[in-house]
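Asker: This is a predicted model, with the sequence first.
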Amino acid sequence: MEYKLLHSCIRVMDLKKSVAFYKNALGLVETERKDFPEDEFTLVYLSDADKNFELELTYNYNPEKPYVIGDGYSHLAVSASDLEASREKHIEMGYEVTELMGLPGTPPKFYFLTDPDGYEIEVLRAK
């Protein structure tokens with residue numbers, strides 16, 4: 001039996017701001033939007049150019065407080081063909097980014113970028 005990853009879901013406080021972040025910071029495009037006004041939520045699916053995997057943004061209308069992300073070090077990961085240029089671009093855009101890092105004893109090969117809701121995206125040097 002084979003399995004294929006389809007999407008990952010995160011809940012967002014401000015749908016417009018989150019869609020803009022993923023579009024501008026990572027070049028993702030909206031592939032589908034499902035509005036459920038009677039149930040007070042909207043789902044937006046975003047993907048990269050290859051459309052092999054989607055990120056689902058779930059927006060519940062009028063959230064009262066931010067969602068608890070947790071401390072389990074969960075994150076999304078993307079690759080960048082030019083890691084240093086990608087990091088500089090994100091800094092220039094005013095996004096929160098970490099220093100370049102590597103695993104112990106290895107050269108730097110990733111950094112983390114934080115989205116408007118506090119979710120972390122690991123940006124890795126493309127192989």
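Answerer: Great, that's in hand.
Asker: Next, Glu84: secondary structure please.
Answerer: The three-state assignment at Glu84 reads helix, by DSSP: H, G, I helix; E, B strand; the rest coil.
Asker: Make sure it is actually in contact with Leu100.
Answerer: Yes: with contact defined as CB atoms under 8 Å, Glu84 reaches Leu100; the gap is 7.4 Å. In short, each C-beta sits where N, CA and C put it, glycine included.
Asker: So between those two, which is more surrounded?
Answerer: For Glu84 versus Leu100, the count of surrounding residues by other CB atoms under 10 Å is larger for Leu100: 15 against 12.
Asker: What's the separation between that one and Ser81?
Answerer: With distances defined as CB to CB, to the nearest Å, the gap from Leu100 to Ser81 amounts to 15 Å.
Asker: try Ile121
Answerer: 16 Å.
Asker: which of these two has more neighbours?
Answerer: Remark: of Ile121 and Ser81, Ile121 carries more neighbours, 21 against 8, as counted by other CB under 10 Å.
Asker: Provide the strand pairings for the helix or strand that one falls within, with the direction of each partner.
Answerer: In this structure, Ile121 is located in strand 120-125 according to DSSP states H and E. On the basis of DSSP bridges, the sheet neighbours of strand 120-125 come out as strand 76-80 (parallel), strand 110-114 (antiparallel).
Asker: and these, which one is worst for confidence?
Answerer: Ranked by mean pLDDT, those bottom out at strand 76-80, with a mean of 94.
Asker: buried set for it?
Answerer: Within strand 76-80, the residues scored as buried using 16 or more other CB atoms under 10 Å are 76, 78, 80.
Asker: which one of those residues sits closest to Thr106?
Answerer: When those are compared for distance to Thr106 (CB to CB), Ala80 wins out at 17.2 Å.
Asker: Wait, that closest one touches Lys127, no?
Answerer: No: applying CB under 8 Å as the test, Ala80 and Lys127 come out as separate, 11.2 Å apart.
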